[in-house]
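# Could you work out the structure for the sequence below:
(chains A and B)
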There are 2 protein chains.
Amino acid sequence: MMTDSRREFSIIQQYFAGLITTTSPAILLGPGDDCGIFSVPAGQEVCISTDTLTAGVHFPLDAAPAVVAQRALVANLSDLSAMGACPLTCTLALTLDPQSSTDVWLAPFADHLRELIDAYAIPLIGGNLSSGPLSLTFTVLGTVPAGRALRRDGAQVGDDVYITGHLGNAAGGLAQLQGGGSRSPVLLDRYQQPTPRLTTGMALLGMATGAIDISDGLLADLGHVAERSDVGIEVALEQLPLSGALLENFDLGRCREFALAGGDDYELAFTAGVAQRPSVAAVASATQVEITRIGRVFEGDGVRVVAADGQIVPVARHGYAHF
Amino acid sequence: MMTDSRREFSIIQQYFAGLITTTSPAILLGPGDDCGIFSVPAGQEVCISTDTLTAGVHFPLDAAPAVVAQRALVANLSDLSAMGACPLTCTLALTLDPQSSTDVWLAPFADHLRELIDAYAIPLIGGNLSSGPLSLTFTVLGTVPAGRALRRDGAQVGDDVYITGHLGNAAGGLAQLQGGGSRSPVLLDRYQQPTPRLTTGMALLGMATGAIDISDGLLADLGHVAERSDVGIEVALEQLPLSGALLENFDLGRCREFALAGGDDYELAFTAGVAQRPSVAAVASATQVEITRIGRVFEGDGVRVVAADGQIVPVARHGYAHF
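So this is what the prediction gives:
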C-alpha cells in the first residue's frame, strides 16, 4: 500500500492527493495505512478483476499519459460491466521509469485519472508506486446482487446473441495510427478513449443469460462464452454493427475483419432468451446504447460465422494474442 | 482477468490450474470469467493492499522463482497482518519476459506459490498474464470485524510500543548476499523466505491501538504511525530484539543499524495501553511469537531513539527508499 519512501510519498502527495479522497460511504479507509478498508452492502457480492498494461507492449512508450490512464482503467471497468457489476473501488500499482521525465508524465496522467474516477464513481482505495519499466496494474472491484452476476457460463441453446455499440472501431483506429494515413476521430477515440458499458451491463441483470466484454475480438471472446457454457454460437456476418466511420475508411471486407477479430472495442456481447427481446430493446433505449442482435446459440461447440444464405464463412484470425 | 490468447490460456492451464481451484466458501467464482466473485461475511469489512515487485529493481533478474513468489506474496500478506485481517483471497498480475525461459521460471514459481496459497489460505481468485519485463503485482484481500481493524492512526500518548520477532535479520541476510562473504541461513531465510505475522495480528484485535508492518525499516515505519496518530514515539536502543544469528555475524553497531533502518523483516510493530501488558504477553505465548516492548508513545512528534541513560541517540538512515 503506497510503500514508504519520502520521494514516493512526495510524488503521491503532489499528484494523487485528489484521487485518494474517500468519496464513497463504502470506503472506510483510503490510502496511507497498510491496507485500505471497504464495506460491502448486505445482499451484495464482490466482483474483482486485474489487468496490467506495460509500455512498449500494450501501448507505445510515447503514448499520451491520459490515453494510458483511460485505456488501463477502462480495460478493467469493462470487466465489471461484463458481470453487470456496479463500480465500488480500485487500486493502482504504478511502476515509473526513474530515468524518464516523471513530472511531465504524472501530471496529465493523474489529472485524467481523477476525471475517470469521478466519472465512473470508482474511488482509488490504495496503490503502490515503484520504479522500473513503465507499467500500470489496476485492480477494480464492483458489487452485484448476490447470485445475479452475468457469467460466461450461462448461455442457453436457443438464446439470441447481442452486441452493444459498434464493432471494429478500435481496431480501425489502431490500424490508422499504425498506418500513418488519414485518421478518423471516431475510430481513434474508440481506441484511445474507450468507454465501458457499465450502465448497460447493470441493466441486463436478470435478463441476459451470459455476457463478456470484447477485449480480444468478437470471435475469441464469444469462443469463451461458448466453451464455458458448453454451447455453440453462430454469428450472422451481415448483422455485425459497423459504424459509418469504419465503413467510410475501410472496405467492407476489412471492416468485417476488424469487427470479428479486432480487440479493444470494450463493447458487451451477451446472450438472452428470445422472450427477452422487448426487454433488451428497452435496455437499449433506457441506457442510450445501440444493441444489435447478431446471432444465436446452438447445441454444439465453437463459434461460426454465417452469411445471409446460411453458408458458413471461413474465418482465419481469432483475435489478438496477448502473450 | 486472465486475458485471453491461446498461448496465455495454455500457460495458465499448465502452471496455474492447481492455484485456481476455489477452496474457500467465500470464493463464488474463480478465474476464467471477466471477474472473480467473492462474498464477505456479515459484520466483516474488507482490507485490501497491492504491491509490485520488478526484476532488476526489487529482486535480481536471476533470483530463484520460489524466492520471488514468497517475497512478493508475503510483502502483501504482511500488510493484512498489520490490520489484523484474516486472508480472504488474492489476484496476481504477472508479466513475463517472452525472451526468457518461461517454462524454467514458471514451474518452480507456480509450485511454491501453490504451497503459499495453501499455507496462508488465500486462494487466487483471478489474475492477468502478459508479456514484458518480469514483474509481479499481488493484490490481497482480507476480512476484519467491522470497525476493529488495527490502523496506523490509533496510537495514544502513554502507550507501550512493541515489536514481534527479531529486527535486522533480513537486512543482515541481504548484506551477506551482496557482500559475498559468509552466509547465515537464519539471516538469509528471513530475507528470502519471510513470513507474515498473520496469526499475531489477528490476536491483537481489540488490544493494540495502532500497528504497522516493518517493510521499510523500524524508524521509517514507526514514523508513519507517529505522523498518522499525531504523537511521538521513543525507541529504547538497548531493547531492540537482535537475534543470536545477527549478533554472531555483525558487530553491535551494525546490528542496531540493521534493526533500526533495515527493511524486509515483515515483523509487526504495534502500540497498546500499559494495562494490556498481560494480554500482549498472552498473545506472544498463544501465537508462539516473541514480542518485545521497545518503547513508548509520548506527546510530541517524530521518532527518537534513546540510550539506557536516557540520552537521545543520533540516527542517520531512515529506511530503504523505494523510489
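# How is chain A partitioned into domains?
Per the record, chain A has its domains at A:4-145, A:160-306, by automatic domain parsing.
# Give me the distance from the longest one to the chain's centre.
Here domain A:160-306 is found 12 Å from its chain centre; the criterion is C-alpha atoms, centre = their mean, to the nearest Å.
# tell me how far the ends of that domain are from each other?
15 Å (C-alpha to C-alpha, to the nearest Å).
# re earlier: could I get the domains of chain A in TSV, plus columns for mean neighbour count and mean pLDDT?
(Each C-beta comes from the backbone N, C-alpha and C, glycine too.) Listed next are the domains of chain A as TSV, based on neighbours: other C-beta atoms under 10 Å in any protein chain shown; pLDDT from 0 to 100:
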stretch	mean neighbour count	mean pLDDT
domain A:4-145	21	88
domain A:160-306	20	95
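# Please identify which of the ones you listed is closest to chain B.
Evaluated with C-beta to the nearest C-beta, the domains of chain A place domain A:4-145 nearest to chain B, the distance being 3.5 Å.
# Next up, phi/psi of the most centrally placed residue in chain A, please.
Chain A has residue A:78 as the residue nearest its centroid, 2.8 Å off, counting by C-alpha atoms, centre = their mean. Main-chain dihedrals, residue A:78, degrees, to the nearest 10: phi -60, psi -30.
# show me what contacts the closest residue to residue A:85 other than its chain neighbours?
Residue nearest to residue A:85 in three dimensions, not counting chain neighbours: residue A:142, with 3.1 Å by C-beta to C-beta, 6 or more residues apart in numbering or on different chains. Going by C-beta atoms under 8 Å, 6 or more residues apart in numbering or on different chains, residue A:142 touches A:46-47, A:80, A:83, A:85-88, B:35.
# what's the helix or strand for residue A:142?
strand A:135-145 (DSSP states H and E).
# Run me through the strand neighbours of that strand, direction for each.
Using DSSP bridges, the strands paired with strand A:135-145 are strand A:44-54 (antiparallel), strand A:86-96 (antiparallel).
# which secondary structure elements does the next helix or strand after it contact?
Following strand A:135-145 in sequence order, the next helix or strand is strand A:160-164 (DSSP H and E). Strand A:160-164 sits against strand A:232-236, strand A:268-272, helix A:277-287, strand A:291-298, with contacts defined as 3 or more C-beta pairs under 8 Å, 6 or more residues apart in numbering or on different chains; DSSP states H and E.
# May I see the ones you listed organised as TSV, with distance to residue B:313 added?
Shown next, in TSV, are the helices and strands packed on strand A:160-164 (distance: least, C-beta to C-beta, whole Å):
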stretch	distance to residue B:313
strand A:232-236	71
strand A:268-272	62
helix A:277-287	64
strand A:291-298	70
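# Turn those into CSV, columns for distance to chain B.
Formatted as CSV, the helices and strands packed on strand A:160-164 follow (distance: least, C-beta to the nearest C-beta, whole Å):
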stretch, distance to chain B
strand A:232-236, 15
strand A:268-272, 10
helix A:277-287, 18
strand A:291-298, 17
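# can you give me the helices in chain A?
Assigned by DSSP state H, the helices in chain A fall at A:6-11, A:65-83, A:102-119, A:169-179, A:185-192, A:198-203, A:218-229, A:244-249, A:252-261, A:277-287.
# Is residue A:48 bridged to anything, and to what?
Residue A:48 has these beta-bridge partners by DSSP bridges: residue A:141, residue B:36.
# check contacts around it.
Residue A:48 sits next to A:139-141, B:35-38, B:89, B:91, B:125-126, B:139, B:141 when contact means C-beta under 8 Å, 6+ apart.
# How about residue A:267?
Residue A:267 neighbours (C-beta under 8 Å, 6+ apart): A:163-167, A:197, A:213-214.
# do residue A:169 as well
A:186-187, A:190-191, A:243, A:245-246, A:258, A:265.
# Ends of stretch A:48-59, what's the gap?
Taking C-alpha to C-alpha, stretch A:48-59 runs 24 Å from one end to the other.
# Cross-check the contact I'm expecting between residue A:302 and residue A:232.
Yes. At 5.6 Å, residue A:302 and residue A:232 qualify as touching, with contact defined as C-beta atoms under 8 Å.
# Show me the common contact partners of those two, please.
residue A:226.
# Which residue is the nearest non-sequential neighbour of residue A:11?
Residue A:11 sits nearest to residue A:129 (C-beta to C-beta, 6+ apart), 6.2 Å away.
# And residue A:186, by the same measure?
Distances taken as C-beta to C-beta, 6+ apart place residue A:245 nearest to residue A:186, at 3.7 Å, with adjacent residues excluded.
# contacting residues for that neighbour?
Residue A:245 neighbours (C-beta under 8 Å, 6+ apart): A:169, A:172, A:184, A:186-187.
# try residue A:72
A:51, A:53, A:136, A:138.
# so how far is residue A:128 from the last one?
The one in question is residue A:138. Computed with C-beta to C-beta, to the nearest Å, the distance linking residue A:138 and residue A:128 is 12 Å.
# Give me the common contacts of those two.
Joint contacts of residue A:138 and residue A:128 (C-beta under 8 Å, 6+ apart) are A:91-92.
# for chain B, what are the nearby residues on the stretch 51-200 of chain A?
Proximity of the stretch 51-200 of chain A to chain B is confined to A:51-52, A:54, A:56-58, A:78-80, A:82-83, A:85, A:89, A:91-93, A:95-96, A:98, A:125-133, A:135, A:137, A:139, A:141-142, A:144, A:146, A:149, A:151-153 under the rule C-beta under 8 Å from any C-beta of the partner chain.
# how about residue A:293, what does it touch?
Counted by C-beta under 8 Å, 6+ apart, residue A:293 has contacts A:160-162, A:239, A:277, A:280.
# How about residue A:304?
Residue A:304 sits in contact with A:232-235, A:312, where contact means C-beta under 8 Å, 6+ apart.
# With residue A:60 instead?
Counting by C-beta under 8 Å, 6+ apart, residue A:60 has no contacts.
# Repeat that for residue A:307.
Residue A:307 makes contact with A:237-238, A:313 under the criterion C-beta under 8 Å, 6+ apart.
# Residue A:297: what's its closest spatial neighbour, skipping adjacent residues?
residue A:159 (4.2 Å).
# Now the one you found, what are its backbone angles?
As for residue A:159, its main-chain torsions (degrees, to the nearest 10) stand at phi -60, psi 150.
# With residue A:195 instead?
Dihedral angles (degrees, to the nearest 10) for residue A:195: phi -120, psi 140.
# In this structure it contacts residue A:73, no?
No. If you go by C-beta under 8 Å, residue A:195 and residue A:73 don't touch, sitting 10.8 Å apart.
# how close does the residue nearest to residue A:186 sit to residue A:166?
Distance from residue A:245 to residue A:166, by C-beta to C-beta: 8 Å.
# Residue A:311 now?
25 Å.
# same deal with residue A:130?
38 Å.
# Can you tell me the closest non-neighbouring residue to residue A:218?
residue A:260 (5.4 Å).
# That's all I had, so thanks and see you.
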